[in-house]
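A.B. asks: Need coordinates for the following:
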Amino acid sequence: MRSDAPSPEIVTTEALKRAMLSADSIVYNTASSGLYLEKLFERIGIAEQIKAKTTRYPTGEDVMDHIIKGSGNELGFGAITEIKLFEPKGLKLVGPLPPDIQNYTSYGAALISNAPSADAAKAFLTYLATPEAKQIFAAAGIE
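C.D. replies: From the prediction side, this is the model:
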């Protein structure tokens with residue numbers, strides 16, 4: 001949401017549904033996270049109710065710009081990492097989706113057998129598991 005807008009309650013799926021139904025508009029992208037949201041809104045039974053007030057954009061950046069420049073009670077959806085990038089520009093993260101409907105992306109890292117700088121790669125992989133690295137990831141919105 002815009003940083004000056006009141007934050008709705010979204011801790012539970014029912015609370016999120018109420019927030020969405022009472023919002024003036026809903027904004028999200030047409031990329032992978034938007035495809036997940038489209039199916040999610042159908043699954044939780046509000047897709048038809050929010051259809052007329054929904055705006056979709058090709059990119060998350062377009063979603064964030066729309067919300068920042070918007071007015072009224074608008075709810076935007078996007079990756080937490082992307083939302084946090086736009087906080088200095090007037091956006092605020094209300095919170096993640098409730099745990100029972102949250103979608104996670106997992107990443108892995110491995111050393112390839114013929115790595116040209118194997119020692120540096122090993123050191124980097126070791127660093128990724130340190131509390132310092134985890135703190136950097138958390139500050140960027142990565143769990």
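A.B. asks: from what I can see Ile46 touches Met20, true?
C.D. replies: Yes - in this structure, Ile46 is within contact of Met20 by C-beta atoms under 8 Å, at 6.0 Å. Just so you know, the C-beta spots here come from the backbone N, C-alpha and C atoms, and that holds for glycine as well.
A.B. asks: Domain-wise, how is the chain divided?
C.D. replies: 13-89, 106-143 (automatic domain parsing).
A.B. asks: Highest mean neighbour count out of those domains?
C.D. replies: Compared across the domains of the chain, domain 13-89 shows the largest average neighbour count, a mean of 16 (mean count of other C-beta atoms under 10 Å).
A.B. asks: Now it: average pLDDT?
C.D. replies: If you average the pLDDT over domain 13-89, you get 96.
A.B. asks: re the thing from before, could you export the domains of the chain as CSV, including distance to Ser7?
C.D. replies: What follows is the domains of the chain, written out as CSV (distance: least, C-beta to C-beta, whole Å):
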stretch, distance to Ser7
domain 13-89, 9
domain 106-143, 17
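A.B. asks: do you know which of those lies nearest Asp4?
C.D. replies: domain 13-89 (10.2 Å; C-beta to C-beta).
A.B. asks: can you give me the end-to-end distance of that closest one?
C.D. replies: Distance between the two ends of domain 13-89: 28 Å, counting by C-alpha to C-alpha, to the nearest Å.
A.B. asks: Quick one: distance of the helix or strand harbouring Asp119 to the chain centre.
C.D. replies: Following DSSP states H and E, one finds Asp119 within helix 118-128. Remark: helix 118-128 is offset 29 Å from the chain centroid, using C-alpha atoms, centre = their mean, to the nearest Å.
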